[in-house]
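**Student:** Provided below for reference: sequence and predicted model.
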Amino acid sequence: MSFDYDLFVIGGGSGGVRAARIAASQHGARVALAEESRMGGTCVIRGCVPKKLMVFASSAHVLSAEARGYGWPEAQAGAFSWPDFSEKLHVELDRLERAYTAGLTKAGVEIFPHRARLVDAHTVELADGSRKSAKHILVAVGGRPQKLDIPGAELGLISDDLFVMSELPRRALIIGGGFIACEFAGILNGLGTDTVQAYRGNAVLRGFDREGRELMTRQLMAAGVDLRLGLTPTRLEKQGERVGVHFEDESHEAFDAVFFATGRAPYTGDLGLADIGVGLQPNGAIEVDEWSQTAVPSIFAVGDVTDRINLTPVAIREGHSFADTIFGRQPRKMDHSLVASAVYTRPNELGAIGLTEEEAVARGPVDVYATTFRPMRSAFAGSDSHVMMKLIVCCTTDKVLGCHIFAPEAGELIQLAAIAITMGATKEQFDATVAVHPTMAEELVTMRQPTRRFHDKAAATG
Ligand SMILES: Cc1cc2nc3c(=O)[nH]c(=O)nc-3n(C[C@H](O)[C@H](O)[C@H](O)COP(=O)(O)OP(=O)(O)OC[C@H]3O[C@@H](n4cnc5c(N)ncnc54)[C@H](O)[C@@H]3O)c2cc1C
Ligand SMILES: NC(=O)c1ccc[n+]([C@@H]2O[C@H](COP(=O)([O-])OP(=O)(O)OC[C@H]3O[C@@H](n4cnc5c(N)ncnc54)[C@H](O)[C@@H]3O)[C@@H](O)[C@H]2O)c1
């Protein structure tokens with residue numbers, strides 16, 4: 001049977017672009033890709049990249065406060081110009097979008113600027129009505145932000161909206177306590193918006209190490225975010241130009257903008273997947289095996305649409321592994337067992353890899369090496385900001401099972417710790433590493449005595 005292409009990719013985001021480019025340029029496959037919106041997807045256009053640039057923009061007050069502590073009494077951030085920043089931001093995103101498109105074109109990938117859906121195991125239909133056949137189809141359509149199912153939810157915004165606002169809200173509510181809620185609360189607060197964050201739990205960032213969560217919760221409050229724990233909105237209503245919000249505790253307040261940061265869901269509606277036998281989970285995620293293959297052998301899926309670990313480097317690695325396996329005769333699986341991540345806030349970020357203390361203790365036996373301290377950098381400047389370095393060590397193998405860092409640039413630090421931990425480094429090897437002094441991260445190689453020992457699993461968990 002002959003096909004128009006060897007591979008048709010649906011979705012030009014992190015996973016789809018990488019798979020298409022590698023299949024075409026390194027393995028000589030005939031590849032086409034459909035993208036319904038902008039090339040680059042969530043990470044480049046409405047996620048990691050604009051978010052991180054906004055984190056940098058929002059750091060000015062923290063930096064100027066530190067400068068005052070270091071003998072620059074007049075250091076002030078001054079007024080922030082959203083129009084200036086926004087114009088520059090969009091020039092940069094346009095440049096990146098062009099670079100992604102050029103990379104694919106150079107690799108020989110044919111691009112269709114349309115929405116695509118599946119017709120059968122080897123055929124996709126584009127929004128212009130044309131149909132294309134392919135030996136393999138890769139679904140890499142990502143996810144979409146989810147609002148809460150409450151009356152008036154249509155008055156609320158989602159993360160995509162932050163990057164295209166014509167002006168910054170004077171007073172904003174962010175609903176949620178996950179990655180996006182914490183990063184957005186930090187950004188808006190840092191840019192001068194009066195920011196309220198409502199989270200239903202008792203410490204933000206569920207799933208992260210408990211101590212890190214508590215430090216992040218305190219940091220958000222200390223930075224000026226009005227973080228309200230144990231609170232959920234029940235209804236939104238129009239209140240003139242503003243949005244009125246009713247909460248569970250029967251309180252009511254008005255905001256210029258309300259952002260739902262309440263999770264994302266795989267974007268599989270109306271793709272025709274179930275009709276052709278592709279298995280879906282209740283939340284719409286495509287079911288795949290360890291090779292990212294669906295129940296239909298010619299159809300594969302990578303990235304957020306599979307709801308495994310929803311991070312850009314994971315989508316990229318899954319897409320790359322798929323292309324090498326299918327077109328390069330180099331079978332490679334993505335290993336999801338050790339993936340580092342970071343939450344980008346100021347002054348400290350939270351970086352993590354591997355088991356949290358709570359997960360490790362439940363498995364036992366483990367030793368925990370942890371230190372929380374005021375580093376000389378913030379102490380000298382007169383700030384009360386505390387950092388944390390933590391290693392979780394298996395008592396049987398001496399392997400470092402987890403590392404948690406709450407510190408300035410923790411994203412950068414955890415990236416380096418992740419190399420050693422992915423290589424299977426032991427605590428003895430961490431200890432054998434000579435410190436770099438004076439740094440905060442030297443604590444990772446100088447903690448000699450366990451802070452807590454959990455040798456009896458029953459006692460530890462009981
Ligand atoms: C605000 C925010 C901040 C983030 N920050 C980080 C971070 O700092 N670090 C990190 O690692 N991750 C971050 N993420 C997560 C990261 O962006 C995603 O994990 C990553 O983009 C997933 O890549 P993907 O290829 O699966 O999907 P996407 O990048 O979402 O790409 C899917 C593409 O498919 C297109 N598409 C969808 N349906 C169709 C269709 N039917 N036909 C044609 N095209 C279609 C979409 O338009 C989109 O371009 C962030 C996410 C958000 C929302
Ligand atoms: N720095 C990063 O790497 C980064 C940044 C942003 C996003 N991301 C990725 O994007 C994904 C989506 O981010 P997110 O912050 O939207 O999701 P999330 O899963 O991290 O957080 C969702 C939040 O919404 C709350 N929530 C969910 N349902 C609720 C309900 N019914 N009532 C009240 N609260 C509710 C949850 O308690 C949680 O605090 C992340 O999981 C992550 O994989 C990564």
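**Tutor:** Okay, I see it. Ligands and ions are numbered 1, 2, ... in the order given.

**Student:** could you pull out the helices for this protein?
**Tutor:** Chain-ordered helices for the chain, with DSSP state H as the definition, fall at 14-21, 41-46, 48-57, 60-69, 82-107, 159-162, 179-191, 210-223, 312-327, 357-363, 376-381, 410-422, 427-432, 457-461.

**Student:** show me what counts as buried in the fifth one.
**Tutor:** Meaning helix 82-107. In terms of neighbour count (16 or more other Cβ atoms under 10 Å), helix 82-107 has its buried residues at 82, 85-86, 89, 93, 96-97, 100-101, 103-104, 107. All C-beta spots, glycine's among them, are computed from the backbone N, C-alpha and C.

**Student:** excluding covalently adjacent residues, which one is nearest to D324?
**Tutor:** Take D324 and drop its neighbours on the chain: the residue closest to it by Cβ to Cβ, 6 or more residues apart in numbering is Q330, 4.4 Å away.

**Student:** give me the neighbour count for the one you found.
**Tutor:** By the measure other Cβ atoms under 10 Å, the count of residues near Q330 is 12.

**Student:** kindly report the same for L401.
**Tutor:** The local packing count at L401 equals 21, with neighbours defined by other Cβ under 10 Å.

**Student:** do you know how far the closest residue to ligand 1 within the stretch 251-400 of the chain is from G411?
**Tutor:** Distance from ligand 1 to each residue of the stretch 251-400 of the chain (Cβ to the nearest ligand atom) is smallest for G303, at 2.0 Å. Using Cβ to Cβ, to the nearest Å, we find G303 at a distance of 21 Å from G411.

**Student:** comparing the two, which residue is more hemmed in?
**Tutor:** Neighbours around G303 and G411, counted as other Cβ under 10 Å, are more numerous at G303. The numbers are 35 against 19.

**Student:** and for the residue of the stretch 51-200 of the chain found nearest ligand 2, the neighbour number?
**Tutor:** Proximity of the stretch 51-200 of the chain to ligand 2 (Cβ to the nearest ligand atom) peaks at G178, 2.0 Å away. Applying other Cβ under 10 Å, we find 18 other residues in the vicinity of G178.

**Student:** go on, the one 4 residues further on?
**Tutor:** A count of nearby residues for C182, using other Cβ under 10 Å, gives 28.

**Student:** ok, back up a step: correct me, but the residue nearest to D324 touches F322?
**Tutor:** No. When contacts are counted by Cβ atoms under 8 Å, Q330 is not listed as touching F322 (11.2 Å).

**Student:** circling back: for the residue of the stretch 51-200 of the chain closest to ligand 2, give me its contacts.
**Tutor:** For G178, the contacting residues are 204-206, 261-263, by Cβ atoms under 8 Å, 6 or more residues apart in numbering.

**Student:** of those residues, buried ones?
**Tutor:** Burial of the contacts of G178 was assessed by neighbour count (16+ other Cβ under 10 Å); the buried members are 204-205, 261-263.

**Student:** with pLDDT added, can I get the residues you listed in JSON lines?
**Tutor:** Output for the buried ones among the contacts of G178, formatted as JSON lines (pLDDT from 0 to 100):
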{"residue": "V204", "pLDDT": "98"}
{"residue": "L205", "pLDDT": "98"}
{"residue": "A261", "pLDDT": "98"}
{"residue": "T262", "pLDDT": "98"}
{"residue": "G263", "pLDDT": "98"}
